[in-house]
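S.K.: structure, please.
(2 chains)
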Number of protein chains: 2
Amino acid sequence: MKVILAEKYGFCAGVRNAISIAEKVLAEKGKVYSLGPIIHNPDVVERLAEKGLVAVDAVEQVPEGAAVLIRSHGAASDEIDNLREKNAEIVDATCILVKRVQQIAVQMEKDGYKVVIVGDRNHPEVRAVVGCTKGAVVVGDESDISKIGTGRLGIVCQTTQSPEFFSNMLSAISKTDFNEIKVINTLCKEAIKRQQAAVELCRKVDIMFVLGGLQSANTRKLAELCKKCNNKTFHLQNRDEFDRKTVFGCRTAGVTAGASTPQHIIDEFVRHLESIDAGEM
Amino acid sequence: MKVILAEKYGFCAGVRNAISIAEKVLAEKGKVYSLGPIIHNPDVVERLAEKGLVAVDAVEQVPEGAAVLIRSHGAASDEIDNLREKNAEIVDATCILVKRVQQIAVQMEKDGYKVVIVGDRNHPEVRAVVGCTKGAVVVGDESDISKIGTGRLGIVCQTTQSPEFFSNMLSAISKTDFNEIKVINTLCKEAIKRQQAAVELCRKVDIMFVLGGLQSANTRKLAELCKKCNNKTFHLQNRDEFDRKTVFGCRTAGVTAGASTPQHIIDEFVRHLESIDAGEM
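M.R.: Predicted coordinates for the structure are as follows:
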């Protein structure tokens, strides 16, 4: 069948940087810990695990004096403090855009704003931003807005959300009896380009595939946006999850991939799709 | 017929203050100029004109050295400068909330923000705020948003707009590719209370009357909001504009009034309505 790739897809600079840092430090040290998976792609995590990267859930699991990688989503201030107390050798692979969200949130709090983070409260990026502040509030949907209060609000957004979602939450917040709102647009422009390219493509094809980790926020957002425009949208981690029955009756397939999805997984998937003869099904 | 007054209506502190300043300076000087009508109520303006207040359209019409009242809606910086050049004796009756909008706009511009004023570009309050800045942009509806650009936006609102309108414009602005938005809520809380009371009342009555100058922004906003909930809403300046036919078949009438509508006009109107016997019509 005919396969069309989105105009923008796959690895972003932040992910590329995190992997490159991980590979470098693993080559030096042999064994390195990371607080949670370094990026939300099990294939990459597995490959790095083979080279000695050990993902742990909490600082308590890190041995005294070990080398520890701060993953692309960042870490909370108290986690960093706890690692320092353990004399850990900290290697920071936080995406610079995520770091910027943390810095803006901290500065806003210093400037007297009540910090509001628009995003998914369970995502590690959001948890880390919250953890860098004294009392940030997460707005994941309109029901959270009553928790904000009416003072001076300093608002940022999880980098991988869509402009539409951010705007909807801002609109709802602006309906409150606020005194002042300061919003810094912390959305990742690369993520937005991928979203736009994915939506554009999914409108033209019979079936749409979004490749990437099922926990990956930016990949999930791609799938969510595509699903709104093309009901036959499937979010798969890799070729192994592909079910041939799904493409029955389809002549053209669109493919995009999250920012943490490695190129070889995309290539393999595309080759496989292309090899399917619609006439044979 | 039964007449119910809105819980909040009529003169606000800003209007009361402007009239009191005008009366005081007129008693001293005998003849005083104002740049445009001091408030948007022809009845009040006429009464003050009898005492010596002369409303002019532009600074050019003010004689050298005359006493000049800056009306409740404020004046632009260049108008003040031109008056000073004419050695005018300036008496400032600008509403403190309007003055605050001007000060915030000027400060935002100093802080590097592109100033955006949400409101009616033809209203003197908005024109004065624009005139206090170097390059403020007015957003009166969504079609204006393309003019804003994508930099750091500092947003204020005409004091007499409704929270709903302000929020709708903020929502539309937040859909742009902005970098930073700082919003200071400059809506007048008294005007909002009058809006809420008017909307609440108009839902309970057969017919709703909004009394006040036809140019008065806050009165027009009251009428606009009531019209959405009660189709039989009439914006009248005073009893002279009342048409008895409009109340035909109505048992209860609601009455509210803008912030610049004097109490005697409201009292007179209410007495007249009450004297109408629904059975006689």
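S.K.: please count neighbours and contacts with C-alpha atoms only from this point.
M.R.: Will do.
S.K.: what sits up against the longest helix that chain A contains?
M.R.: What stands out as the longest helix in chain A, according to DSSP state H, is helix A:13-29. Helix A:13-29 has contacts (Cα atoms under 8 Å, 6 or more residues apart in numbering or on different chains) with A:32, A:38-39, A:48, A:51-53, A:67, A:69, A:71-72, A:93-97, A:259-260.
S.K.: let's see it at 10 Å
M.R.: A:11, A:30-34, A:38-40, A:44-45, A:48-49, A:51-53, A:66-73, A:91-98, A:190, A:259-262 (Cα atoms under 10 Å, 6 or more residues apart in numbering or on different chains).
S.K.: pull out the buried positions in that helix.
M.R.: Buried positions in helix A:13-29, judged by neighbour count with 16 or more other Cα atoms under 10 Å in any protein chain shown: A:Gly14, A:Val15, A:Arg16, A:Asn17, A:Ala18, A:Ile19, A:Ile21, A:Ala22, A:Glu23, A:Val25, A:Leu26.
S.K.: how far is the next helix or strand after that helix from where the chain is centred?
M.R.: On the C-terminal side of helix A:13-29, the nearest following helix or strand under DSSP states H and E is strand A:32-35. Distance, stretch centre to chain centre, for strand A:32-35: 18 Å (Cα atoms, centre = their mean, to the nearest Å).
S.K.: by contact count, what packs against strand A:32-35?
M.R.: helix A:13-29, helix A:42-50, strand A:53-56, strand A:67-70, strand A:89-92 (3 or more Cα pairs under 10 Å, 6 or more residues apart in numbering or on different chains; DSSP states H and E).
S.K.: the host helix or strand of A:Gln196 vs helix A:13-29, what angle?
M.R.: Using DSSP H and E, A:Gln196 maps to helix A:189-202. Counting by axes from the mean of the first three to the mean of the last three Cα atoms, to 10 degrees, helix A:189-202 points 120 degrees away from the direction of helix A:13-29.
S.K.: quick one: name the residues of the stretch 151-281 of chain A near chain B.
M.R.: A:152-156, A:163-187, A:189 (Cα under 10 Å from any Cα of the partner chain).
S.K.: and those, which are buried?
M.R.: Buried among these by 16+ other Cα under 10 Å: A:152-156, A:163, A:165-176, A:178-187, A:189.
S.K.: distance check, A:Asp43 against A:Asp240.
M.R.: 12 Å (Cα to Cα, to the nearest Å).
S.K.: shared neighbours of these two, anything?
M.R.: If you check A:Asp43 and A:Asp240 against Cα under 10 Å, 6+ apart, no residue is contacted by both.
S.K.: ranges for the helices of chain A?
M.R.: Using DSSP H, helices in chain A cover A:13-29, A:42-50, A:77-85, A:96-110, A:124-132, A:163-174, A:189-202, A:217-229, A:263-275.
S.K.: now the closest residue to A:Thr150 other than its chain neighbours: how far from B:Leu187?
M.R.: Nearest residue to A:Thr150 in three dimensions, chain neighbours excluded: A:Phe178, at 4.5 Å (Cα to Cα, 6 or more residues apart in numbering or on different chains). Distance, A:Phe178 to B:Leu187, by Cα to Cα: 10 Å.
S.K.: overlap in contacts, these two.
M.R.: By Cα under 10 Å, 6+ apart, no residue touches both A:Phe178 and B:Leu187.
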